[in-house]
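S.K.: No letters, just coordinates:
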């Protein structure tokens, strides 16, 4: 028999099916999370306790006492979000490996659907975290937000950048033995630029600067997110299948 | 139904410096059954993981030939159904939710009625709404059968297929392989139960790294 090798993409679903498969992965993760609360409890408890600890530790700072108040508040908000995200965003992949369900998922689902589904789940989790942390921080640290629209835009784009960076790293570290440390080590260099831009942008929003000043950090965050998301689309298949 | 063959050429599987499988070459035609036998640690499960594309061999090549077209196992997962003690489904989901999820990600449009019939056919009648966490090991094994057969695979890879089964479960196993053989599918069974050797057209005995 003549043997020929053909190009065959595994699980090459049409785009409508890819969307359905991605949505199925997302809904499965949501359903599992609501029943187990693996990530939700850890993320929310960490976020709340961090903001409460900061507010109790330093007290509501008066502007007269510190000229750099706004940027300190911005840095505290993003550090609280970042570390709370660290505790939860890796869970969706780690849980698949620890519960040994990853093999069943690998055999059945297209890699791209797994990536997009997990990305959506992390986005939903982070959105919840960002909303709660921001509202708590604004209330407990008595932050005056001069430009709320700019703050919302920065939080949204910062969240997208954070999820784009951490979802791929979560897939990389899921089968490692020292997951937590490796996650932080790999994520840190990727997230430093994001953190710098979001903190500076949030400082502008707190200080009440207009969109003409705020557009630059938003553009940088959009570029960062698009670059990481595109790279992740190309890299995820290799990471997931290896 | 497409014609399918399995070709293994000098397959070796190493774990570090330890070679557990060495020099396995064979050809299996559609409708044929291979039983892989050997003691614990002889590489049976590893060989089946190679055949379903979850693991790459350290040396050699594995290919499926589908109507004359060669596919590596990791490019042929839609063709393969795999059942193994290593296969875990989602304990926090019900049996029906598990099947619905795997059907959706495979792009299969099954209704809940059809999925419930699948559960009935593996002996889980009336248990579809139960969480997998509440299942006994034998019931979980039945759900693994439903998972492996969901997409009507051409190739069925069964690793320790009767472990945790009672006599009714063993009957399910025998029915599944009879139906698969009747369809002209290709079947590989890994077992250390000598009673299961009789199902094979060929027996591959693994052991001591050979």
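M.R.: Right, received. Where do you want to start? Quick caveat, the model's predicted, so the values are computed rather than measured.

S.K.: so where do the strands sit in chain B?
M.R.: Under the criterion DSSP state E, chain B contains strands at B:4-15, B:18-29, B:33-38, B:59-66, B:69-71, B:80-83, B:155-159, B:186-191, B:202-206.

S.K.: Compare those strands and give me the one nearest residue A:226.
M.R.: For residue A:226, the closest of the strands of chain B is strand B:69-71, at 34.5 Å, according to CB to CB. For every residue, glycine as well, the C-beta is placed using N, CA and C.

S.K.: hmm, back to that, same list (the strands of chain B) but as JSON lines, adding distance to chain A.
M.R.: Compiled in JSON lines, the strands of chain B are given as follows (distance: least, CB to the nearest CB, whole Å):
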{"stretch": "strand B:4-15", "distance to chain A": "8"}
{"stretch": "strand B:18-29", "distance to chain A": "11"}
{"stretch": "strand B:33-38", "distance to chain A": "18"}
{"stretch": "strand B:59-66", "distance to chain A": "7"}
{"stretch": "strand B:69-71", "distance to chain A": "4"}
{"stretch": "strand B:80-83", "distance to chain A": "6"}
{"stretch": "strand B:155-159", "distance to chain A": "10"}
{"stretch": "strand B:186-191", "distance to chain A": "15"}
{"stretch": "strand B:202-206", "distance to chain A": "20"}
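
S.K.: Can you tell me which of the ones you listed is nearest to residue A:150?
M.R.: strand B:80-83 (51.8 Å).

S.K.: Okay, now the sheet partners of that closest one, with direction.
M.R.: Note on strand B:80-83: by DSSP bridges, its sheet partners are strand B:155-159 (parallel).

S.K.: So which residues make contact with the partner strand?
M.R.: For strand B:155-159, contacts defined as CB atoms under 8 Å, 6 or more residues apart in numbering or on different chains pick out B:4, B:6, B:44-45, B:48, B:51-52, B:64, B:76, B:79-86, B:148-149, B:173, B:176-177, B:180, B:185-190.

S.K.: Quick one: low-confidence residue ranges for chain B.
M.R.: Applying pLDDT under 70 to chain B picks out residues B:208-210.

S.K.: Please identify the residues of chain B in proximity to chain A?
M.R.: B:52-54, B:65, B:68-71, B:74-78, B:80, B:82, B:86-93, B:97, B:101-102, B:104-107, B:147 (CB under 8 Å from any CB of the partner chain).

S.K.: what about residue B:22, neighbour count?
M.R.: Using other CB atoms under 10 Å in any protein chain shown, residue B:22 is surrounded by 18 other residues.

S.K.: List only buried entries from the contacts of strand B:155-159.
M.R.: B:4, B:6, B:44-45, B:48, B:51-52, B:64, B:76, B:79-85, B:148-149, B:173, B:176-177, B:180, B:185-190 (16 or more other CB atoms under 10 Å in any protein chain shown).

S.K.: For the closest residue to residue A:157 other than its chain neighbours, list the residues it contacts.
M.R.: Nearest residue to residue A:157 in three dimensions, chain neighbours excluded: residue A:221, at 4.0 Å (CB to CB, 6 or more residues apart in numbering or on different chains). Applying CB under 8 Å, 6+ apart, we find residue A:221 in contact with A:154, A:157, A:158, A:160, A:161, A:194, A:197, A:198, A:201.

S.K.: is it possible to export those residues to TSV including secondary structure and distance to residue B:19?
M.R.: What follows is the contacts of residue A:221, written out as TSV (DSSP: H, G, I helix; E, B strand; the rest coil; distance: CB to CB, whole Å):
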residue	secondary structure	distance to residue B:19
A:154	helix	56
A:157	helix	52
A:158	helix	50
A:160	helix	47
A:161	helix	46
A:194	helix	46
A:197	helix	52
A:198	helix	52
A:201	helix	56
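
S.K.: Identify the farthest-apart pair in those.
M.R.: A:160 and A:201 (13.6 Å).

S.K.: Settle it for me: which of those two has more neighbours?
M.R.: It is residue A:201, of residue A:160 and residue A:201, that has more neighbours when counted by other CB under 10 Å, with 28 against 22.

S.K.: which residues does the closest residue to residue A:101 other than its chain neighbours contact?
M.R.: Spatially, and ignoring its direct neighbours in sequence, residue A:101 is nearest to residue B:88 (5.1 Å; CB to CB, 6+ apart). Listed by CB under 8 Å, 6+ apart, the contact partners of residue B:88 are A:99, A:100, A:101, A:103, A:104.

S.K.: Quick one: buried ones out of these?
M.R.: Judged by 16+ other CB under 10 Å, buried ones among the contacts of residue B:88: A:99, A:101, A:103, A:104.

S.K.: So which of the residues you listed are in helices?
M.R.: Per DSSP state H, helices hold the following members of the buried ones among the contacts of residue B:88: A:103, A:104.

S.K.: packing partners for the helix or strand where residue A:45 lies?
M.R.: Using DSSP states H and E, residue A:45 maps to helix A:38-58. On a contact count with 3 or more CB pairs under 8 Å, 6 or more residues apart in numbering or on different chains; DSSP states H and E, helix A:38-58 meets helix A:15-36, helix A:69-88, helix A:91-98, helix A:111-140.

S.K.: What are the phi and psi values at the residue nearest in space to the middle of chain A?
M.R.: Centroid check for chain A by CA atoms, centre = their mean gives residue A:163 as the closest residue, at 2.8 Å. Main-chain torsions, residue A:163, degrees, to the nearest 10: phi -70, psi -40.

S.K.: wait, isn't it in contact with residue A:119?
M.R.: Yes. Taking CB atoms under 8 Å as the definition, residue A:163 is a contact partner of residue A:119 at 6.2 Å.

S.K.: Just put the helices and strands packed on helix A:38-58 in CSV and tack on distance to residue A:182 and mean neighbour count.
M.R.: Converted to CSV, those look like this (distance: least, CB to CB, whole Å; neighbours: other CB atoms under 10 Å in any protein chain shown):
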stretch, distance to residue A:182, mean neighbour count
helix A:15-36, 22, 18
helix A:69-88, 12, 21
helix A:91-98, 11, 21
helix A:111-140, 17, 20
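
S.K.: Out of these, the one nearest chain B is which?
M.R.: Ranking the helices and strands packed on helix A:38-58 by proximity to chain B (CB to the nearest CB) places helix A:15-36 first, at 3.7 Å.

S.K.: Give the other helices and strands that the closest one contacts.
M.R.: Secondary elements touching helix A:15-36 (3+ CB pairs under 8 Å, 6+ apart): helix A:38-58, helix A:111-140, helix B:95-105.

S.K.: With distance to residue B:31 as added columns, please give the helices and strands packed on helix A:38-58 in CSV.
M.R.: What follows is the helices and strands packed on helix A:38-58, written out as CSV (distance: least, CB to CB, whole Å):
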stretch, distance to residue B:31
helix A:15-36, 31
helix A:69-88, 50
helix A:91-98, 35
helix A:111-140, 32
